[in-house]
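[1] give me coordinates for this.
(one chain, ligands or ions: 1)
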Amino acid sequence: MTQALPVLIQGGMGVAVSDWRLALAVSEAGHLGVVSGTALDTVMIRRLQLGDDGGHIRRALAAFPVAEAAESIVERYFVAGGKQADQRFSRTSMRREKPSRHLEDLLVAANFVEVYLAKQGHGGQVGINYLEKLQAATLPSLYGAMLAGVDYVLMGAGIPRAIPAVLDRLAKGLPVELKLDVKGAGSDDEFRARFDPAAAMRGCVPPVTRPAFLAIVSSHVLASMLAGKLESPVDGFIVEESSAGGHNAPPRGKLQLNEAGEPIYGDRDLPDLAAIRQLGLPFWLAGGRADAEQVRQALELGAAGVQVGTAFAYCEESGFDPDVKRRVLELSRQSKAQVFTDPLASPSGFPFKVVELEGTLSDADVYEHRTREPCELGYLRTAYRTDDGNIGWRCPSEPVQDYVRKGGAPEDTAGRKCVCGGLLATVGLGQIQHQGAKEPALVTSGDQVSDIARFLPPGADTYRAIDVIRQLLPEG
Ligand SMILES: Cc1cc2nc3c(=O)[nH]c(=O)nc-3n(C[C@H](O)[C@H](O)[C@H](O)COP(=O)(O)O)c2cc1C
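    Got it, this is the predicted structure:
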């Protein structure tokens, strides 16, 4: 971390909510803009199939160091003028833990493209956010972001203990591996994802810089583990509370639900900031911190600053479909915008915050009428050991009979939503289902969604990232 620490971090928001445009706007203003690193292979090929409006993807791919890989991606996926509205998107292989040369190229290039575009035209810093649980694609994704000069890597939803050392090795151009969590694996099983920069770069490895690594945590216990006993420690923490958008850490102890069916969080779930401060590493507070008073309080508590998501998710530069933004802003104006912390929706098993919005998957009718289809995205699947000692993958949101055939318990499928498909639909990249229906959207936000209309300038229907920044940091 050579430059000064940012006071304001715009949180990574998947899928493609914090895309390169939002991160660029925040970084250009002198703060840390963060792109989401989730599902970027699918995001990139779908954007290409929609005609690559503005030519940005092709412009970034033209700067990708392996020209033959970039050309083959454009040739395979770019559709001039965009695909027909009722035509399905073509897809990639889901074997990200053991990718073909093409899939590995796609993962490296897609992460390169998003960071490259976010870094254009300013000297500011850019970060990328990943979920630890999505391990299969992590290694080539990290390397792609590093090739584009990413300054920070942020990772939550799991225990990213292996990542700092992986970044050290990738910065030296060395091969890396990552142990995969596989249900049912015994002590003799060795399930690992592997990545070799030399092979990916066709023998010509360019110099890359090691980015700083921030772990997203919700407890001081995890923070102290990541600050200490590792081969290579983390560089800092985002300390996230349960009011934050996206996935939340489950409450400690036995899960208890309130009358509405949401997990109940108590004092035990509040992070012990004194203990985190004692670790001596910089930390940022996340979750409901989008106002000047909250920023001031965070600094007083010893934090380097705050990470803010929801407020940025509804600004003009975010990837949310403009109609979603307009409708939720209108609900907020009428004091009717609210989220439900759904303990079941996400196949990951983590509580997931869902905005209650008609016509989306939060709507019981829409959920009931959606046909479950075999998974073709695969990011939130769980790996399990098959009888013959290989890796199988299952998702409680896939057709119930498929899940059960793969050894999953039928009761695990109740209330599960296709989060991957729904999130892509929310950023205008939704698939057409096999029977012709459009994949319904699924909108996530933090509790502060109730209040986002306060960022609208007087008389305006939309606001920009800079409006959020000015309210949070009125003194600049
Ligand atoms: C739409 C949306 C998507 C999000 N997706 C992710 C994600 O993919 N990974 C992650 O670590 N955090 C994610 N978050 C959390 C944000 O990065 C940030 O920490 C959080 O929003 C801060 O709390 P706030 O929403 O109250 O500002 C998401 C938040 C929102 C609003």
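
[2] need phi/psi at the spatially closest residue to G408 that is not a sequence neighbour.
    Residue nearest to G408 in three dimensions, not counting chain neighbours: R394, with 5.0 Å by Cβ to Cβ, 6 or more residues apart in numbering. In short, each C-beta sits where N, CA and C put it, glycine included. When read as degrees, to the nearest 10, the backbone of R394 gives phi -140, psi 160.

[3] count the residues that sit near R394.
    Neighbourhood size, R394 [other Cβ atoms under 10 Å]: 21.

[4] residues contacting it?
    Taking Cβ atoms under 8 Å, 6 or more residues apart in numbering, we find R394 in contact with 381-382, 384, 402-403, 406-408.

[5] could you check how far the closest residue to Q135 other than its chain neighbours is from L273?
    Closest residue to Q135 apart from its sequence neighbours, by Cβ to Cβ, 6+ apart: L180 at 5.3 Å. With distances taken as Cβ to Cβ, to the nearest Å, L180 is found 33 Å from L273.

[6] now the worst-scoring helix or strand of the chain on mean pLDDT: how far from the chain's centre is it?
    Here the helix or strand of the chain ranked lowest by mean pLDDT, DSSP states H and E is helix 220-227, holding a mean of 88. The chain centroid and the centroid of helix 220-227 are separated by 22 Å, computed with Cα atoms, centre = their mean, to the nearest Å.

[7] what's it packed up against?
    strand 212-217, strand 236-240, helix 273-278 (3 or more Cβ pairs under 8 Å, 6 or more residues apart in numbering; DSSP states H and E).

[8] dump these to a markdown table, plus mean pLDDT.
    Putting the helices and strands packed on helix 220-227 into a markdown table (pLDDT from 0 to 100) gives the following:
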| stretch | mean pLDDT |
| --- | --- |
| strand 212-217 | 96 |
| strand 236-240 | 96 |
| helix 273-278 | 95 |
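
[9] got the phi/psi numbers for the nearest residue to H31 once chain neighbours are set aside?
    Nearest in space to H31, with sequence neighbours left out and distances taken as Cβ to Cβ, 6+ apart, is L8 at 4.2 Å. Backbone torsions of L8, given as degrees, to the nearest 10, read phi -120, psi 120.

[10] write out the residues of the stretch 201-350 of the chain neighbouring the ligand.
    Taking Cβ under 6 Å from any ligand atom, the part of the stretch 201-350 of the chain that reaches the ligand is made up of 216, 240, 243-246, 286-288, 290, 307-310, 313.

[11] the closest residue to R277 other than its chain neighbours - how many residues pack around it?
    In this structure, R277 finds its nearest non-sequential neighbour in G302, 4.5 Å apart by Cβ to Cβ, 6+ apart. For G302, the tally of surrounding residues (other Cβ under 10 Å) stands at 14.

[12] before we move on, what about P65?
    When neighbours are counted by other Cβ under 10 Å, P65 comes out with 17.

[13] can you check G186 too?
    For G186, the neighbour count with other Cβ under 10 Å is 8.

[14] now it: how far from E177?
    Distance, G186 to E177, by Cβ to Cβ: 19 Å.

[15] for the stretch 351-476 of the chain, just list every one of the strands.
    352-355, 382-385, 391-394 (DSSP state E, counting those that start in this stretch).

[16] over to the stretch 151-300 of the chain?
    Using DSSP E, counting those that start in this stretch, strands in the stretch 151-300 of the chain cover 152-156, 176-179, 192-195, 212-217, 236-240, 283-286.

[17] JSON lines please, covering the ones you listed and showing mean neighbour count.
    Formatted as JSON lines, the strands of the stretch 151-300 of the chain follow (neighbours: other Cβ atoms under 10 Å):
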{"stretch": "strand 152-156", "mean neighbour count": "26"}
{"stretch": "strand 176-179", "mean neighbour count": "17"}
{"stretch": "strand 192-195", "mean neighbour count": "18"}
{"stretch": "strand 212-217", "mean neighbour count": "26"}
{"stretch": "strand 236-240", "mean neighbour count": "26"}
{"stretch": "strand 283-286", "mean neighbour count": "26"}
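
[18] those: which one's closest to L103?
    L103 lies closest, by Cβ to Cβ, to one member of these: strand 192-195, at 11.8 Å.

[19] which residues are contacting that closest one?
    The contact list for strand 192-195, computed with Cβ under 8 Å, 6+ apart, reads 96-98, 104, 135-136, 138-140, 143, 175-180.

[20] repeat for stretch 313-333
    Outside stretch 313-333, the residues touching it (Cβ under 8 Å, 6+ apart) are 13, 16-19, 21-22, 24-25, 245, 312, 337, 355, 357, 360, 426-428, 441, 443, 445, 449-453, 455-456, 461-465, 467-468.
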